[in-house]
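In: next come a sequence and a model predicted from it.
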Amino acid sequence: MSSGKVLLGVLAGVAAGALIGILFAPEKGSVTRRRIVEKGEDYADALKEKINDFVDHVSDKFDEVKEHVTKHADKVKANAEEA
């Protein structure tokens, strides 16, 4: 099982637990709705941060591969010119 699926499962479990906890809390509906919105915004911000980190990581890896391929192509070109 990949770490992405585990992380997604954990986040879904935490979100479900928080939602159930808020819904069964003995407070007014308006307070409960406000809390749900706040939690949703918190989770959305956390998800955006995770996505940005992932995109940065993929971008860094892409740059590394691009640099490696460029170096290899330059070596092949130099060897071809020598031959």
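Out: Received it, and whenever you're ready, just let me know what you need.
In: and the strand or helix carrying residue 57, what does it pack onto?
Out: The secondary structure element spanning residue 57 is helix 29-82 (assigned by DSSP states H and E). The criterion is 3 or more Cβ pairs under 8 Å, 6 or more residues apart in numbering; DSSP states H and E, and the helices and strands that helix 29-82 contacts are helix 3-23. Just so you know, the C-beta spots here come from the backbone N, C-alpha and C atoms, and that holds for glycine as well.
In: for the helix it packs on, the distance to its chain's centre please.
Out: On the basis of Cα atoms, centre = their mean, to the nearest Å, helix 3-23 is displaced by 15 Å from the centre of the chain it belongs to.
In: tell me what that helix is packed against?
Out: Packed against helix 3-23, as judged by 3+ Cβ pairs under 8 Å, 6+ apart, are the following elements: helix 29-82.
In: give me the number of residues near residue 75?
Out: For residue 75, the tally of surrounding residues (other Cβ atoms under 10 Å) stands at 10.
In: and if you look at residue 73?
Out: Other residues close to residue 73 by other Cβ under 10 Å number 10.
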